[in-house]
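>>> The sequence and its predicted three-dimensional model are supplied below.
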Amino acid sequence: MSDLKRTPLHSAHVALGGKMVPFGGWDMPVSYATGILTEHRAVRNAAGVFDISHMGQFFVRNAGAKAWLNSVFSNQLDKIGPGQSQYGFLLNERGGVIDDLIIYQFGDEQFLVVVNAAKIDEDLAWLQQHLAPGVKLENLSDECAALALQGPKAEAIYRDFFGAGAEPPARLGVQVLERNGSSFYVARTGYTGEDGFEFFFPAGSAESVLRELLEVGKPHGLIPAGLGARDSLRLEVCYPLNGSDLSPERTPLEAALSIFCALDKEFIGVEALRAQKAAGVKERQAALKMTEKGPPPRSHYPVFQGDTQVGELTSGGLSPCLECGIGLAYLPVELTKPGTALSIDIRGKRYAAVVEKKPLYKKA
Amino acid sequence: MNVPDNLRYAKSHEWLAADGKVGITDHAQGELSDVVFVDLPKIGRKLKAGETAAVVESVKAASDIYAPASGEVVAVNDQLGENSGLVNTDPYGDGWMFQLKLDEPAEENGLVDAAGYRAQIG
C-alpha cells in the first residue's frame, strides 16, 4: 500500500474520519463517517465538497497553443474563448478513448487541461509526443490542490467563501481569483449533475482552504463527500468513468458521446470516427434501470435479453435517488432503444431491467 | 465498539448467539457502511462451518457472510428485505440474518469469546 500516492489533503481526510481506499494509484476517501448515501443526498439537496487533487492539471501556453490543442482534442475549441471551458476526448489513431478531459481557456493562448488521475502519465507522454514547436506544456499536478464544491447550495457557499462582490462564473465558465495571496482557478464545472464549482489552487494552502470552506458551508448543509458518492452521483446522470465506461477499445460514437466530437475538423482519431460513422456503429452504450428489487448491479455483471447474453455492465450501482439498481452497458444498437426489456445476471440469478433514456436522474 | 459478552464471534466478523441466531458485528457493519441488500440463505439449507451462507451488499461492495458453525437454517430475518439498514442500526438485534439449528456435535469455525474478538479488532 505504501506506493499509493497521497493528495495534500490526506491527513485532513483521516482527521475527518475518511475511509481510505486505493483509487487510480491514490489513497483516497471512499466516504467519511457519514456514509455514501448521506453524502450523496447532501450533494443533491444541499452541498458536498470532494477532494479532486488526485486529478491531473496541465498548463498549456504560448503562440499556437490553441491550434495545437485543437489538433489532439475531439471537440471544437474554436467554439470557446477566454473564460470558457469544453469537455472532450484524447483519442488514439483507432478512435479509441485515451482519456476524457476538460479544457479551460484563460487568455487567447492560455489553457488549463484537467485529466483523470490514473491517466496523468499516459496523457502527458501522448501530448508531449505530439507537441507542436513553441507550445509550452507543463504538468503542475503535484503543485495543484483541487476541490469540487457541488450541490444546489454551492453558489451561496461560493459567495460566502470569496466574499461579497465575487461574482461566480457562468455555467462551464472559468475565472482566476486572488484569495489570501494565492491564485484560485475557479470553474463552474463538475461531475455530479448538480450546479457547482471546481477550484484549482496551490497545494500548500489545501488544508486551510478545505477547513474554511467546511466552516463557511456548514450553515448551508455542506459536508465532505468521498469517491463513493462521487461515483453514484455521476452514474445517476450517466457521466462516463474512464477505465470503466470508456476505453481505448471503444470510440466516443460507441459511448454515445458523439456530440463532443467535431467530425468536421482534423484531430487524431477523426478518420477512424468518420469511417465508423459511415459504416454504422454496431454497439452503443445505454443506460439500464432495474425494475425489480435485487442486489445492486456492479460492473462486469452480464446483461441478458431472454437467455442470450448481449453485453455486460461497465458501471453499476444502487441509485440513492431513484432507489433502484442502475448501470451502463455497451449493447447491440437495436437493443439500445428506451423501453427494451433486458435482465442483469447477479450471482447466477437474473433480475429484470429496462433500457432508459439518459440521464437516469433528472432534477424535479 | 460494541461487542456483547453473551455472543461468540468468528474471525470473519459474524456473531453466533446461544439460540443459533447469526449476524455481523458492529465493527463489520461500520466497515461496510450503508448496507443496501442482504441475500439470505433458504430455510432448510444445511450449512457447514465456514461455508458462504449469505451476501451483504453495501453501496460499494458485496461481502460474503460465512456460517460460524454447521447446522440447518431454520429461520431468516425477512425484515431485511424491506429494511436492510437494520444491519447498520441494530447489528445484534433486529439486524440478525438467519438462525441455525446447530449440528450435534457442534462443528465450529474457530469461534472466540467477546474478549478474544475485541483483541482481534484492536
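Nice, thanks for sending it over. As the structure is a prediction and not an experimental result, all values here were calculated from the model.
>>> what helix or strand does residue 28 sit in?
No chain in the question, so chain A it is. A:M28 belongs to strand A:26-31 when assigned by DSSP states H and E.
>>> think we crossed wires, I meant chain B
helix B:26-32.
>>> ok now that helix, how far from the chain's centre?
11 Å (C-alpha atoms, centre = their mean, to the nearest Å).
>>> what's the following helix or strand after it?
Past helix B:26-32, the next helix or strand by DSSP H and E is strand B:35-39.
>>> Just the buried positions in that following strand, please.
Buried residues in strand B:35-39, counted by 16 or more other C-beta atoms under 10 Å in any protein chain shown: B:V35, B:V36, B:F37, B:V38, B:D39. The way it works is simple: take the backbone N, C-alpha and C, and place the C-beta from them, glycine included.
>>> how close does the first one sit to A:L124?
Applying C-beta to C-beta, to the nearest Å, one obtains 41 Å for the distance of B:V35 from A:L124.
>>> picking up where we left off before, counting by contacts, list what the helix holding B:A28 packs against.
Contacts defined by 3 or more C-beta pairs under 8 Å, 6 or more residues apart in numbering or on different chains; DSSP states H and E place helix B:26-32 against helix B:86-89.
>>> If we go by neighbour counts, what in the helix it packs on is buried?
In helix B:86-89, counting by 16+ other C-beta under 10 Å, buried: B:L86, B:V87, B:N88.
>>> cool, and stretch B:27-36?
B:H27, B:A28, B:Q29, B:G30, B:L32, B:S33, B:D34, B:V35, B:V36.
>>> ok, now stretch A:298-315?
Buried, per 16+ other C-beta under 10 Å, within stretch A:298-315: A:R298, A:S299, A:Y301, A:V303, A:F304, A:Q305, A:V310, A:G311, A:E312, A:L313, A:T314, A:S315.
>>> Likewise for stretch A:206-222?
A:A206, A:E207, A:V209, A:L210, A:L213, A:L214, A:V216, A:G217, A:H220, A:L222.
>>> The strand holding A:M28 vs chain B: in contact?
Yes. Counting by C-beta under 8 Å from any C-beta of the partner chain, chain B is contacted by strand A:26-31 at A:V30, A:S31.
>>> What are the contacting residues of the next helix-or-strand element following that strand?
Using DSSP H and E, the next helix or strand after strand A:26-31 towards the C-terminus is helix A:36-45. Outside helix A:36-45, the residues within contact range by C-beta atoms under 8 Å, 6 or more residues apart in numbering or on different chains are A:30-32, A:34, A:48, A:150-152, A:192, A:194, A:221-226, A:228-229, A:232-233, A:320-321, B:33-34, B:36, B:59-60.
>>> and helix A:36-45, average pLDDT?
The average pLDDT for helix A:36-45 rounds to 97.
>>> With only the CA atoms kept, save that helix in PDB.
Output of helix A:36-45 as PDB, limited to C-alpha atoms (Å, rounded to 0.1, in the frame of the first residue of the first chain):
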ATOM      1  CA  ILE A  36     -22.000   7.300   1.000                       C
ATOM      2  CA  LEU A  37     -25.800   7.600   1.000                       C
ATOM      3  CA  THR A  38     -25.800  10.600   3.300                       C
ATOM      4  CA  GLU A  39     -23.000  12.200   1.200                       C
ATOM      5  CA  HIS A  40     -24.900  11.500  -2.000                       C
ATOM      6  CA  ARG A  41     -28.100  13.100  -0.700                       C
ATOM      7  CA  ALA A  42     -26.200  16.100   0.800                       C
ATOM      8  CA  VAL A  43     -24.900  16.900  -2.700                       C
ATOM      9  CA  ARG A  44     -28.400  16.500  -4.300                       C
ATOM     10  CA  ASN A  45     -30.200  18.600  -1.600                       C
END
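>>> Smallest gap between the stretch 101-250 of chain A and chain B, at which residue?
A:G228 (5.4 Å; C-beta to the nearest C-beta).
>>> count of residues packed around that residue?
26 (other C-beta atoms under 10 Å in any protein chain shown).
>>> Over to B:S12?
16.
>>> That one and B:S63 touch, don't they?
No. Assessed by C-beta atoms under 8 Å, B:S12 is found out of contact with B:S63, at 9.3 Å.
>>> mind checking pLDDT for A:M1?
Looking at A:M1, its pLDDT stands at 47.
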